[in-house]
Structure formats: C-alpha cells, structure tokens
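K.L.:
Show me the folded form of this:
(one chain, ligands or ions: 2)
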Amino acid sequence: MVIICPHCQKEHSIDENRLPANVVKVRCKYCKEQFDITRPKATPASRNMPAAEEKKNEPRRIAVTLSKGGVGKTTTAVNLAAGLALAGFKVLLVDTDTQGQSSFMLGLKPKAGLTEFVNNELSLDEIIIPARDRLWLLAGGKSLAGLKRVIDRKDFGGEMTLREKLTAFDSKFDYVIVDTSPGWDPLIVNVLFYVKEVLTPVSLEVMTLQGLVEFLKSMSSIQKYNKDVALKYILPTFHDQRVKKSNGILSKLEELYGNHVCTPIRYNVRLSEAPAYGQTIYEFAPGSPGAQDYRELIRKVTNNPKLFT
Ligand SMILES: Nc1ncnc2c1ncn2[C@@H]1O[C@H](COP(=O)(O)OP(=O)(O)OP(=O)(O)O)[C@@H](O)[C@H]1O
Ligand SMILES: [Mg+2]
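P.N.:
Ligands and ions are numbered 1, 2, ... in the order given. Below you'll find the predicted structure:
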C-alpha cells in the first residue's frame, strides 16, 4: 500500500504484509513526523450472496462503456463498484470483456463467469464470486467469445440474452455495474438492453470527443428499441491540469454535455500500479488523488455529498 505523510505530503510504499500487527504509528523518513496509519481491512468477503428477500426493488444498473480502448473503463468499473460497496451498498460487478481485467484488478482468478452463467452450467453460488465485503463479481474472460457466438446464432431475441438472465436475480443487489470491452459487438448491445444508465469515461489525454460522438450515435440506435437506457454520466479521465489540451477537452465536454459531466479523474500513477497488487485504489493508496477522485464519483452517483467525509 502507499501512504502519504499528512505533514510533508511525501509518499511511502509499504508492504502491509510485513508490517507487524501491533504497529499503529509510523515515522516519515523525510520530515520525521510521526503519524497514525490505517490499514485496509483484511476481513474476508462474505461468501453468501444477499438473500432475495433482503431487497425487493430493482437495482441501479450502470454500464461503464465507450467503444474506444484504454480510456479507463475497467479502472472505473472496479473502483466504482468497490467504492459503492465500501459505502455500504450491495454491489454486483459484471465483466463482459474477453480480457477479463476486472478479476485481475481485484486479485481474483475465477474459474467460471458470465459464459457459464448464461449457459446454466454451474450454480449461481459457484459463478458469482465474493470479491470484497458487499461486492460480488461475475467474471469475464476468453470464454465470452463463445458466448458471443451463441448470441449471434439466435434467430430471435439475441440482444435480450443478458437481460433475461440477469434480471432474474439482480434484485438482490443495490447496484449492478457492468464493465464492457472496447469496440462494438453483440455483448455490448446486450449490455445496453440490460442497463438503464450509461457512464462513459472519456480520456482527456487523447482526442476522444469524436469517439464519444460516434458511440452516442450507436447508442441512439439501441434507444429506439430500449427507451429505458440513457447516457447519465460522462467521466473525464487522465486529467492533467498542467496540459493545455487536457483542460481544452474538459471545457468542450462541459459546454456540450453540461450536468452529465462528472468531476474528472486525474492522471495518477497509483491507479495504474494498483492492479498489479490485485487491490482497489482505496486499498492500495487510500490517500492518493486517484482514490479521492473516485470517492467524488461515488458521491455524484449516489447523490450523497456527505459520503466518506
Ligand atoms: N486516471 C488514471 N491515471 C493513470 N493511469 C490510469 C488511469 N486510469 C486508468 N489508468 C491505467 O490506464 C490503463 C488503461 O486503463 P483501463 O484498463 O481501465 O482502460 P479500459 O478502457 O478498460 O481499456 P480497454 O478498452 O482495453 O478495456 C491501465 O493500465 C490503467 O491502470
Ligand atoms: Mg477494460
């Protein structure tokens, strides 16, 4: 984990596994200030899925999607889902990408996932993996290529495959967050027939406005058939205030999409380091700008400005 000295703001990398359990204070090696440390809780995630009767309402179903690759979709899906779980909500993270990066980012190696779920190959308890307290994962991965073929071969209603399967039990959760692959394929169409809200991360590093416009065109072709789905959040990512272009794209986004635009996620190297440790940003570097920005996103999504304060 990375901790930041509250006095001089310098960062320290610490392997929490080698830190004796009774250590609660550390001394900054730069300014020598002593300060308290808070460790990520190592409580094992509860294995049991929430019971159906615990919740009766529909969950909020949010897809994190944009056809362009590398804009921060998976980073956002994982840290949005984990942050909502930390805030006390029951969350299911569904990975619909053949790259299976969501599992990797959470430090999990599931043997089964969405493909087995849709094909009824295993029981739900074997497929829905407990990832953290109140957070469950329905994993993606290479086998999804086969699932896409199954969807393609259906003569009728292929686009409703995910919706039919997931709505059968998703009322156990408060939120279902769906990570998608780059590009446009039958699985993404399926996702857009399942979710009601769309969150699109837009990288401020490269010119992705054109990508956003193209994606919104494709989405409007789905909206003709699924009136329930709507673009809810545009999340600027890789924001670097020192770079003029970054601020320029941000102003343009705000001008075009107003209230839909969320507070940007800054470029933060901790966000790119955390996956190698199988940790969310709140576990790996809780005081980092990346963790602060994702907490701000959770406040916007839950419409609760007091969360985590
Ligand atoms: N705000 C950020 N600052 C620095 N690095 C980041 C940030 N957000 C994401 N990254 C890193 O950028 C890379 C791409 O991010 P990510 O995998 O989330 O994008 P993606 O849109 O899911 O990509 P793909 O389209 O391939 O699925 C990853 O290495 C990730 O760790
Ligand atoms: Mg991804």
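K.L.:
how close does residue 123 sit to residue 167?
P.N.:
18 Å (CB to CB, to the nearest Å). Quick note: C-beta positions are derived from backbone N, CA and C, even for glycine.
K.L.:
So for the two, which residue has more residues nearby?
P.N.:
residue 167 (15 against 11; other CB atoms under 10 Å).
K.L.:
and the nearest residue to that one once chain neighbours are set aside, what is it in contact with?
P.N.:
Closest residue to residue 167 apart from its sequence neighbours, by CB to CB, 6 or more residues apart in numbering: residue 194 at 7.4 Å. Counting by CB atoms under 8 Å, 6 or more residues apart in numbering, residue 194 touches 61, 63, 162-163, 166-167, 178.
K.L.:
ok, and the most crowded of the residues you listed?
P.N.:
residue 178 (32 neighbours).
K.L.:
Strands of the stretch 151-300 of the chain, residue ranges please.
P.N.:
175-179, 197-203, 230-237 (DSSP state E, counting those that start in this stretch).
K.L.:
Need the residues that contact stretch 230-245.
P.N.:
Stretch 230-245 is contacted by residues 62, 71-72, 75-76, 196-205, 212, 216, 219, 223, 246-247, 249-250, 253, 257, 260-262, 264-267, 297, 300-301 when judged by CB under 8 Å, 6+ apart.
K.L.:
got the buried residues for it?
P.N.:
Residues 231-239 are the ones in stretch 230-245 that count as buried (16 or more other CB atoms under 10 Å).
K.L.:
Show me the one of the strands of the stretch 151-300 of the chain that comes nearest residue 307.
P.N.:
The closest of the strands of the stretch 151-300 of the chain to residue 307 is strand 175-179. By CB to CB, the value is 13.6 Å.
K.L.:
Parallel or antiparallel, which strands does that closest one pair with?
P.N.:
strand 60-64 (parallel), strand 91-95 (parallel) (DSSP bridges).
K.L.:
tell me how far the ends of stretch 273-286 are from each other?
P.N.:
The straight-line separation of the ends of stretch 273-286 (CA to CA, to the nearest Å) is 13 Å.
K.L.:
Counting neighbours, which bits of that stretch end up buried?
P.N.:
273-275, 279-286.
K.L.:
same thing with stretch 105-115?
P.N.:
Neighbour-count burial for stretch 105-115 [16+ other CB under 10 Å]: 105-108, 110, 112-115.
K.L.:
Repeat that for stretch 123-130.
P.N.:
Those would be 127-130, for stretch 123-130 by 16+ other CB under 10 Å.
K.L.:
quick check, nearest of those to residue 136?
P.N.:
residue 128 (4.9 Å).
K.L.:
How about the residues of the stretch 1-150 of the chain by ligand 1?
P.N.:
Residues of the stretch 1-150 of the chain that fall close to ligand 1, judged by CB under 6 Å from any ligand atom: 69-75, 97, 99, 101.
K.L.:
What about the residues you listed, which are in helices?
P.N.:
73-75, 101 (DSSP state H).
K.L.:
can you put the residues you listed in TSV and add neighbour count and pLDDT?
P.N.:
Output for these, formatted as TSV (neighbours: other CB atoms under 10 Å; pLDDT from 0 to 100):
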residue	neighbour count	pLDDT
73	26	98
74	24	98
75	25	98
101	20	97
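K.L.:
which pair in the buried residues of stretch 273-286 spans the largest distance?
P.N.:
Going by CB to CB, the pair spanning the buried residues of stretch 273-286 furthest: 275 and 286, at 16.0 Å.
K.L.:
mind giving me the domain ranges of the chain?
P.N.:
1-39, 54-302 (automatic domain parsing).
K.L.:
list the buried ones in the shortest one?
P.N.:
For domain 1-39, the neighbour count (16+ other CB under 10 Å) marks 1-5, 26, 28 as buried.
K.L.:
Same question for stretch 244-256.
P.N.:
246, 249-250, 253.
K.L.:
What separation is there between the closest residue to residue 192 other than its chain neighbours and residue 190?
P.N.:
Closest residue to residue 192 apart from its sequence neighbours, by CB to CB, 6+ apart: residue 222 at 4.5 Å. Using CB to CB, we find residue 222 at a distance of 10 Å from residue 190.
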